[in-house]
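Q: this one's sequence-less:
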C-alpha cells in the first residue's frame, strides 16, 4: 500500500528535464535491462513495473531494485523462481517465507544458504533443496544434515565414475 493510503502504487517520476516516462523506461529495460545501471533511469529502480519488466529479461536485474522492492514478494518470487541464488538479495522477511524459499531452492538448491534458520530446519524446504542439489545439504540445519547424510554417501569428486547415477 502506498504512503497516501489509497492502496494504489505511487508513480515514480523521472526528473522532468530528462522527459523520460515510465513507458519509456519499460521499453528501455525490455531492450536491455542494464540501462538501470546508468543515471538516466535511476529514478525507476523503485518502480515495481519497471523492475518486473527488467526481471522478465534477466532475473539478476533484481539486484538493482531499491531495497523496498527487494522486500516485495512478487518481485522476489519472479527473480528466485528463475535464479534461486538471488534469495541472497531478498529482504530478511522473505528469506523466512516458505513459499519464496521453496521456489528459490527448487531453482537452485544452494539458495538454502540464504534461508532463515527456521526454514533450514524445515522438512519440505530441505528436501526440495537436497533434491535439486545434494550438495546443498551443507546449508541445512545440523539435524537434517545428520538425517540425510546417512542415506546419501558424499559425492566422490576424485573418482566420479564410482558415484551412483
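A: That came in fine, so what should we check first? Keep in mind that this is a model prediction, so the values were computed, not measured.
Q: unless I'm mixing things up, residue 36 is touching residue 64, no?
A: Yes - contact criterion Cβ atoms under 8 Å: residue 36 and residue 64 qualify, at 4.6 Å. The C-beta positions use only the backbone N, C-alpha and C, and glycine is treated the same way.
Q: Overlap of the contact sets of the two?
A: Common contacts of residue 36 and residue 64, defined by Cβ atoms under 8 Å, 6 or more residues apart in numbering, comprise 45, 54.
Q: pLDDT on the helix or strand containing residue 77, on average?
A: Assigned by DSSP states H and E, residue 77 falls within helix 73-80. For helix 73-80, the mean per-residue pLDDT is 97.
Q: Pull out the buried positions in it.
A: Within helix 73-80, the residues that qualify as buried are 75-80, counting by 16 or more other Cβ atoms under 10 Å.
Q: Now tell me what touches that helix from outside.
A: 48, 51-52, 55-56, 59-62, 65, 69-70, 86-87, 90-91, 94, 97, 99-100, 103-104, 107, 111.
Q: for stretch 60-71, same thing?
A: 29, 33, 36-37, 45-46, 48, 51, 54-55, 75-76, 78-79, 83, 86, 89-91, 93-94.
Q: next one: stretch 99-109
A: 73, 76-77, 80-87, 90, 94-95, 111-112, 114-116, 119, 124-125, 128-136.
Q: Give me the subset of those lying in helices.
A: Residues of those located in helices (DSSP state H): 73, 76-77, 80, 94-95, 124-125, 128-132.
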